[in-house]
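K.L.:
Quick check, what structure comes out for this input:
(one chain, ligands or ions: 1)
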Amino acid sequence: MSEAMFIETFVVFLGACIGSFLNVCIVRLPKEQSVISPGSHCMSCNKPVAWFDNIPLLSYLALGGKCRYCKTRYSVRYFFIELLTAVAFWGFYKIFGFSALTAAYWVMVSGFIVATFVDFEYRIIPDEVSVGGMFVGFALSLFIPEMHGLVSQGTQSGQWLIHLKSLGLSLLGALAGGGSIYAMTMIGNSFIPRSMRQIEHATKEEFTDALHPLKPEIIEGLWDNMVRSGYMNDNGDILQVFWDVKKADDLQFDPQYAQYKRKIFRTVMMDTTGGGDVKLMGMVGAFMGWKLSLLTFFLAPFFGATYGIIEKLRTKDSAIAYGPFLVLGALMSLFYGEKIMLFILSGYSVH
Ligand SMILES: [Zn+2]
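P.N.:
Below you'll find the model as predicted:
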């Protein structure tokens, strides 16, 4: 085996292993469970998965996508995400070589994959990915100036300035990315009358659906808390006392439910600010800088609108997850950003 082929095989295997871990993140992060322990186990018979049954891609094929013991069928999504991650790792390697820059993009795309699949399923983006990813983006930018088109030149004097500049561009990127989408939703919301955005009444099923994926006992507790605090009656009618509350922190909740104040407030107010999207765009900016994150902001609606129209026709539900389209826009910007910007600029300057 040649050295080049050895590296490519290694990259694909590494990607599949990371993909296997991303599967765990996608299942556990939205349920606020640890991604470290317990180890992988069958969700049906609870038997731990032995290491030889946990080899990415291969084990799924060998076992035909079923549990070795109880034969429960596992979603093909597990296999697909391992494959997708492996292909993505290989693709970045082919474009950017075996470099620190590639490693940075591997981290970024791993976050993108988790954000995409969690958002599609739960309409949330875990903070571990968006906020965590943003800070990782800052740190990597400090060490890898190539992320922002700067060249580090070994140990020459004045080298630290390049690294500081890279960090600065990363901070600016997070600000531009998060700020652009925050401003847009603020403006958008101001056109919708407040009353049209509020839930006046929620059955227990609707309440449970809206707070998915919180644990049932927590949802039950929150319902009781809402009733006891006079925000809601037993039938699920939201009462005036709730509307008088000006901000989430002012809600009177038992201490164990304090962390859900914001979620309840958002849900009942049907606040479409989508803090998750703002934070995800902060992460995009931290990795890609202000130009490409602004381009992402402008590209994402095209993907989102197309999909949204199809979904609306299909399900009559227009509230779609936006994160996956931000991810799509970010990847388009990363690979074709220069061409797209050149095209736009020349279109405006050359007649
Ligand atoms: Zn099983």
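K.L.:
contacting residues for the residue nearest the centre of the chain?
P.N.:
What sits nearest the mean C-alpha location of the chain, by CA atoms, centre = their mean, is residue 115, with 2.3 Å. Shown in contact with residue 115 (CB atoms under 8 Å, 6 or more residues apart in numbering): 125-126, 129-130, 280, 323-324, 327. Any C-beta I mention is one placed from the backbone N, CA and C, and that applies to glycine too.
K.L.:
Which strand or helix spans it?
P.N.:
Using DSSP states H and E, the element containing residue 115 is helix 100-122.
K.L.:
Okay, buried residues for that helix please.
P.N.:
Buried residues in helix 100-122, counted by 16 or more other CB atoms under 10 Å: 101-106, 108-119, 122.
K.L.:
Which element is encountered next along the chain beyond that helix?
P.N.:
Following helix 100-122 in sequence, per DSSP H and E, is helix 127-143.
K.L.:
send the alpha carbons of that following helix over as CSV?
P.N.:
Output of helix 127-143 as CSV, limited to C-alpha atoms (Å, rounded to 0.1, in the frame of the first residue of the first chain):
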residue,chain,number,x,y,z
ASP,A,127,-25.5,24.7,23.0
GLU,A,128,-22.7,22.2,23.3
VAL,A,129,-22.4,22.3,19.5
SER,A,130,-23.1,26.0,18.8
VAL,A,131,-21.7,27.8,21.7
GLY,A,132,-19.1,25.1,22.4
GLY,A,133,-18.2,25.1,18.7
MET,A,134,-17.9,28.9,18.7
PHE,A,135,-15.3,28.9,21.5
VAL,A,136,-13.4,26.0,19.8
GLY,A,137,-13.4,28.1,16.6
PHE,A,138,-11.8,31.0,18.6
ALA,A,139,-9.2,28.8,20.0
LEU,A,140,-8.3,27.1,16.7
SER,A,141,-8.2,30.5,15.0
LEU,A,142,-5.5,31.6,17.4
PHE,A,143,-3.4,28.6,16.5
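K.L.:
Just the buried residues of that helix, please?
P.N.:
129-131, 133-134, 136-138, 140-142.
K.L.:
Among the residues you listed, which one sits closest to residue 334?
P.N.:
Of all the buried residues of helix 127-143, residue 137 has the smallest distance to residue 334: 13.1 Å, by CB to CB.
K.L.:
so the closest one sits right up against residue 105, yeah?
P.N.:
No: applying CB atoms under 8 Å as the test, residue 137 and residue 105 come out as separate, 10.9 Å apart.
K.L.:
of all the buried residues of helix 127-143, which comes closest to the ion?
P.N.:
The ion lies nearest to residue 129 out of these, by CB to the ion, at 28.4 Å.
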